[in-house]
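Novice: Sharing a model prediction with you, sequence too.
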Amino acid sequence: MSIFKFKNFNVIQTNAPQKVGTDAMVLGALVNHENTSSILDVGTGCGVIALMLAQNYPKAKVAGLDIDEKAVLQAQSNFQNSHFPNEFEALHQNFLEYILSQKFDLIVSNPPYFNTKMPSIDQQRSLARHENSMSLQDLINHSERLLTENGALWMIVPSERAEALINDDLNLKLSQRIKIYGKPNRHVRDVLVFTKTQNEIDYRLSELTIRDDKNQYTEQYKALTLEFHYNKL
């Protein structure tokens, strides 16, 4: 059985197509949105990001949605085994077909982002990694229908995909961009935050570096993930 231990919960990931990785850790730790009472994690997998947000938002209702049935069952089990007081829900559904009268204050996603025509031989892993069933643009545009007026979509994408999304004609407006560096001068990911309204002319820009030139975790990353990592970094 594959288990990833966090400080306040465990994640069983045996049947999850994507195992817990740095992308999930970074996104889950960075998300910061005021007045959050309802959260939707799109492509929840084993439920790791949903559980990280449940830890930070103990009064919020948390839903994890995935197109993969085995992943949903895994997430449901992890939700039930956590000790958080949140109301949890695991949903087996295609996000683009998910429409409810309920709106969410916060939508988060570590989405499939490979848009090549060479998906994995493993169908379950392919769905988790490739944009076969949902493009990044589709994710952003459909989120607009499910967000409250002051809600936000947080997502993590490869750095080479970020510029195209920023300059695309989307239903939501970019309000924040956090450049993620694996090491100094090695820009590997972007955390993008989209909202329905934006008062400022320009989006907010910041940076996070995970490791230094000696391959040691930076103080910035250690502080960010302090309440999540089981072992001291």
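Specialist: Ah, there it is.

Novice: thinking His187 is in contact with Arg177, fair?
Specialist: No: the pair His187 and Arg177 does not pass the contact test of Cβ atoms under 8 Å, sitting 11.5 Å apart. C-beta: built from backbone N, CA, C; applies to glycine.

Novice: Tell me the helix or strand right after the longest helix belonging to the chain.
Specialist: In the chain, taking DSSP state H as the definition, the longest helix is helix 69-81. The C-terminal neighbour of helix 69-81 among helices and strands, as given by DSSP states H and E, is strand 88-92.

Novice: for that next one, what is the average pLDDT?
Specialist: Here strand 88-92 scores 97 as its mean pLDDT.

Novice: same thing with stretch 53-71?
Specialist: Per-residue scores along stretch 53-71 average to 96.

Novice: Pull out the CA atoms of that stretch and give them to me as CSV.
Specialist: Once non-C-alpha atoms are left out, stretch 53-71 reads as follows in CSV (Å, rounded to 0.1, in the frame of the first residue of the first chain):
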residue,chain,number,x,y,z
LEU,A,53,-7.3,23.0,2.0
ALA,A,54,-9.5,21.3,4.5
GLN,A,55,-6.7,21.8,7.0
ASN,A,56,-6.5,25.5,6.3
TYR,A,57,-10.2,26.0,5.9
PRO,A,58,-11.8,23.9,8.7
LYS,A,59,-15.3,25.4,8.3
ALA,A,60,-15.4,25.0,4.5
LYS,A,61,-17.4,22.3,2.6
VAL,A,62,-14.9,20.5,0.4
ALA,A,63,-15.7,18.6,-2.8
GLY,A,64,-13.1,16.6,-4.8
LEU,A,65,-14.1,15.8,-8.4
ASP,A,66,-12.4,13.4,-10.8
ILE,A,67,-13.2,11.6,-14.1
ASP,A,68,-11.4,8.5,-12.8
GLU,A,69,-13.7,6.3,-10.7
LYS,A,70,-10.8,4.5,-8.9
ALA,A,71,-9.3,7.9,-7.9
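
Novice: buried stuff in it?
Specialist: 53-57, 60-68, 71 (16 or more other Cβ atoms under 10 Å).

Novice: Closest to Glu87 out of those residues?
Specialist: Lys61 (4.6 Å; Cβ to Cβ).

Novice: By average pLDDT, which secondary structure element in this protein comes out worst?
Specialist: helix 123-129 (a mean of 43; mean pLDDT, DSSP states H and E).

Novice: May I have the next helix-or-strand element following it as CSV, with CA atoms only?
Specialist: Note on helix 123-129: by DSSP H and E, the next helix or strand toward the C-terminus is helix 136-146. Output in CSV follows, covering the C-alpha atoms of helix 136-146 (Å, rounded to 0.1, in the frame of the first residue of the first chain):
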residue,chain,number,x,y,z
LEU,A,136,-6.7,24.2,-19.7
GLN,A,137,-8.9,26.9,-21.4
ASP,A,138,-12.0,24.7,-20.9
LEU,A,139,-11.1,24.4,-17.2
ILE,A,140,-10.8,28.1,-16.8
ASN,A,141,-13.9,29.0,-18.8
HIS,A,142,-16.2,26.4,-17.1
SER,A,143,-15.0,27.5,-13.7
GLU,A,144,-16.5,30.9,-14.4
ARG,A,145,-19.9,29.3,-14.2
LEU,A,146,-19.3,27.6,-10.9
